[in-house]
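J.: Just to be clear, the model below is a prediction. Sequence and coordinates:
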2 protein chains.
Amino acid sequence: MAVREEMLELAKAAQRASRQMAILSSGVKNELLLKMAAALETAEADLRQQNEKDLQAARDRGMAAAMLDRLTLTPERIKAMADGLREVAALPDPVGEITGMWLRPNGIQVGRQRIPLGVIGIIYESRPNVTADAAGLCLKSGNAVVLRGGSEAIHSNMAIGSILQQVMEEMSLPRAALQVVTTSDRNAVTELLKLEEQIDLIIPRGGEGLIRFVAENSRIPVIKHYKGVCHTYVDAAADLQMAEEICLNAKVQRPGVCNAMETLLIHQDVAERFLPQIVAAMRKAGVELRGCEKARQIVADLVPATAEDWHAEYLELILAVRVVESYEKAKEHIETYGSLHTEVIVTDSYPCSQRFLREINSSVVMVNASSRFSDGNQLGLGAEIGISTSKLHSFGPMGLEDLTTRKFIVLGHGQVRH
Amino acid sequence: MAVREEMLELAKAAQRASRQMAILSSGVKNELLLKMAAALETAEADLRQQNEKDLQAARDRGMAAAMLDRLTLTPERIKAMADGLREVAALPDPVGEITGMWLRPNGIQVGRQRIPLGVIGIIYESRPNVTADAAGLCLKSGNAVVLRGGSEAIHSNMAIGSILQQVMEEMSLPRAALQVVTTSDRNAVTELLKLEEQIDLIIPRGGEGLIRFVAENSRIPVIKHYKGVCHTYVDAAADLQMAEEICLNAKVQRPGVCNAMETLLIHQDVAERFLPQIVAAMRKAGVELRGCEKARQIVADLVPATAEDWHAEYLELILAVRVVESYEKAKEHIETYGSLHTEVIVTDSYPCSQRFLREINSSVVMVNASSRFSDGNQLGLGAEIGISTSKLHSFGPMGLEDLTTRKFIVLGHGQVRH
C-alpha cells in the first residue's frame, strides 16, 4: 500500500476511535493510564532489548555520546515514564467542564462546554519517552493520538506503542486511538500533514529544523515555538540581591532549555552598582558575558555584543547584557528582539511591576521570579504537552486543557427565531 | 513600490500600532467607537456618493440585481453600521480579564490574563458594511485590523475606512491600527497571507471559493467555515407539535444562511405520524422535500434523495429527509455527513437529550430549539466576527473574546528554581 493511502487509513481509523475516546468517563481514562504505567514497568526487559537495537544501530552510524544518552532507556527512565502516566491520571479531566452558562431573553440556556480536539498528531525526535508522555496527555484529554518519532528510535517507539495498545485492547478500547507510525518511508510525515479532514492538531517536538519543516508543510493547524529568547529586566527600583539570584538562576540552573535567560537588560541608574556584581557572579559560574557599549564603559573587559547577540538563543553559558536608559527602552528592546516566550522584570516598584505586566504581551510575563518557572509543571498545569509562542488557540506552556476546545450547548423548550 | 513591499510595510505599521491599541482603556476604545458611529452618520451624503461609483461600475459590468442590492449603501444601512458600532461599544471588554489565578507551593502566584491577538486580517466580499462591523470588533478587542474587501466595493470601503481613520487621528490614536488595502493589484491578498511574523489571524468572509483560496494560500492561522449542513433529529420521544414548529423555523425563516436546517432525521417510531405532518407544513411554505427510501414508503411522492443530498448545503427551500432506525443511526448520519456546524435534537426524553448533548461534538448542539439561534448575537456573544467549524482556537460563533488570547502572569518575590 502506498504511504499516502496507509496514512489516510490510519488517520481515518484514528478519527473513528476519537469519537469513542471523547465520551469515556474520567474513571475509565484514569484506569487506562494506570494500567499502561504498570505494563511499561512489567515490560522493562523487553523495552530495553528493543532499545538496544536502536542503540546498536546508532553506534554503528557513529552517533555522538550526548545523542546516544538521550536515546537510551534505562530502568530509571522507564520508571519515570510510568510515573509520568500516573501523574497525568491524577490530574483533573478538562473534558465536559462547562465554562459558563447563561439565559437568553427568550428563555434558551446557552453554555460552553469543553470537548476533546479529536485527533492529535505528534511529530518528534530522539527521546522515546515522548511516546508514552504524549500518549498519556492526549488520551486523558479524550483525544486519539498519532505518534511519529524519529527513525533512530523506531524499535523503542514501536515497543512502547505496542505495550500501550495492548492495554487498550485489554480494556476493550479502540486500538486505533493510539497509533505509532512505523513505516520507514520518509514521506509519511508529509502525507500525515495533509490530512486536515482527519487530524485536528499537529504538535512537533524537536529542533528548530523539524519544527520549521512541519510548520511549512502542514495544512493542519500546528502548535509550535521556534525559540526562546527570554529577557530579564533589572529595573532602577530592583532589589539588587534578589536580582542577582534571579538572574543567576535564570541563566545557569539549566542553560540548555528554552526558558533560560538569554539577554539581561539593566536600567542605567543601577548599572554601575549591579553590572560589576552580576558579572562577577556569572563569571564565577562560568558564563561568558557580551555587553553593549554602555556596559563596556562600566566593565571594560566584556566581549562586545553585536546585533546578532540580541537575537541569539545561546542555550549555553553565554549572556548578552544591555544597559538601557529607561523602562521604555527595555520594552522596546523586548518587542524588537523577543520571541514572545518569557520576560521577567525585577523591581520593588509597584507602578513598574504593573506596567510591565500590562504592557509586555509575551506568553509568560513575570515579576521577581526566575524565567526557569516558565513551564507547564512549574506553572501548575500538571503536565506539559508543548509551548506555543504563536497566539492562536494557546499561548505559552500547554497542559491538558489546551488539548480541548469548547462547543456551545443550547437548552430550549421549543423556541424558534422571529 | 511593489505590492510585496507595500503589504509588508502596511503590516509592520499595523503591528506597531497594535501595541498601542493593546493597552488602551475600555473607556477610550468605547469613545472611539461612538465617535466613529457619529462620523459615519454625518458622512452619509459622501458615503452614498462614493457607493454610487461602485454601483455604476457594477451596473456597467451587468451585475445581477441581488448582488447590486448587497452592494448598495442606503441611509438605513449607514444607520445600521453606526448602530452596530454603538452596540459593540456597549459590550464588556474582554481584554485584561484574569480567567484564573492560583498559588504554587513555592509562593509564586500564577494567572492567565486575556490580551488582544495583535493584528487581524479580514478578507471579504461585496457588502461594504463589513468594513465598519469588523473594524469595530477588532478595535474594541484591542487589535489592529487590516481590511481587504472586494474590488466591486472599493470606493465604498475606502470612504468608510477613511472616515474611521479620521476619527482615530482626532483621538491621537495610530491610524495604522485600521487600514483598508486599496491597491488594485490582485496579488495583495496572496502577499498579505504570507506575513506570519506581522499578522496573527486571518478571517475570510464570503463564499466558499474565497474561503478555500485564503485557507490554501495562508501561512497565517485562518478561522473559517466552509459550509453549514445543519441537522434536526426528531426523536421517538419528541413533542411532534414542537418538532413541527422548530423544523419549519429552521428551514424557512431564512433559508439562505448557514444555520438553516438542511437535513431532517426522523426516528422510525414517529415517522408515520410526523412525516405526513411535516411534509404538509413544509410544502405549504414552498419547500421541496427529498426523502430516503423509508420516507418514500410513507409519503410516496417525495423526490428520491441521492447520496449528494446528504452532503448538500442547499441554502434554499429544499430539505433532505431521512427516517432512521435509532438514535445511533441518527448520530452516525450526523458524524458521516455533518459539517460540525449545528445539530438539533427534538425530544422530551431526558436521557436522549443528555446523550445528544454529550456525544455530538459539533460546534453548536441544541435541544428543543431552532438551529437558527446558532449565531453570535442570538447566543448572547453580543456580536459575531465569524463562525469557526475547525476546532482550533475557537469553535462555533465567535465574539469579542475569540479575538483575544491569554498570557500567563507570574507574581513572585524572589523565587528561583531548584
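T.: Received, thanks.
J.: Pop out the phi and psi values for A:Thr145.
T.: Just so we're on the same page, residue A:145 is Val rather than Thr. Main-chain dihedrals, A:Val145, degrees, to the nearest 10: phi -130, psi 140.
J.: can you map out the helices along the stretch 151-300 of chain A?
T.: Along the stretch 151-300 of chain A, counting by DSSP state H, counting those that start in this stretch, helices occupy A:154-170, A:188-192, A:208-217, A:240-252, A:268-284, A:293-298.
J.: Confidence-wise, which of those is weakest overall?
T.: Least confidently modelled of those is helix A:208-217, at a mean of 90 by mean pLDDT.
J.: which strands and helices sit next to that helix?
T.: Secondary-structure packing of helix A:208-217 (3 or more C-beta pairs under 8 Å, 6 or more residues apart in numbering or on different chains; DSSP states H and E): strand A:119-124, helix A:188-192, strand A:201-205. C-beta: built from backbone N, CA, C; applies to glycine.
J.: List of residues touching the last one?
T.: With C-beta atoms under 8 Å, 6 or more residues apart in numbering or on different chains as the test, strand A:201-205 has contacts from A:117-125, A:130, A:134, A:192-193, A:210-211, A:213-215, A:218, A:220-224, A:385-386, A:393, A:403, B:391-392.
J.: Stretch A:376-386 now?
T.: A:84, A:87-88, A:91-92, A:133-134, A:136-138, A:203, A:205, A:223-225, A:364, A:372-373, A:375, A:387, A:397-403, B:102, B:104, B:110, B:408, B:410, B:417.
J.: In the stretch 201-350 of chain A, what residue lies closest to chain B?
T.: The minimum distance from the stretch 201-350 of chain A to chain B, using C-beta to the nearest C-beta, falls at A:Asn249 (3.6 Å).
J.: can you redo the helices and strands packed on helix A:208-217 as TSV with mean neighbour count and distance to A:Val3?
T.: Below are the helices and strands packed on helix A:208-217 laid out as TSV (neighbours: other C-beta atoms under 10 Å in any protein chain shown; distance: least, C-beta to C-beta, whole Å):
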stretch	mean neighbour count	distance to A:Val3
strand A:119-124	26	15
helix A:188-192	21	5
strand A:201-205	25	17
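J.: For B:Ser339, which of these is the nearest?
T.: Comparing the helices and strands packed on helix A:208-217 against B:Ser339 with C-beta to C-beta, the closest turns out to be strand A:119-124 (17.3 Å).
J.: right, and the helix or strand after the closest one?
T.: Once the chain leaves strand A:119-124, the next helix or strand it forms, by DSSP states H and E, is helix A:129-140.
J.: near chain B, which residues of the stretch 51-200 of chain A show up?
T.: A:Gly96, A:Trp102, A:Arg104, A:Ile108, A:Val110, A:Ile115, A:Pro116, A:Leu117, A:Gly118, A:Asp200 (C-beta under 8 Å from any C-beta of the partner chain).
J.: residues near the second one, how many?
T.: Which is A:Trp102. Using other C-beta atoms under 10 Å in any protein chain shown, A:Trp102 is surrounded by 11 other residues.
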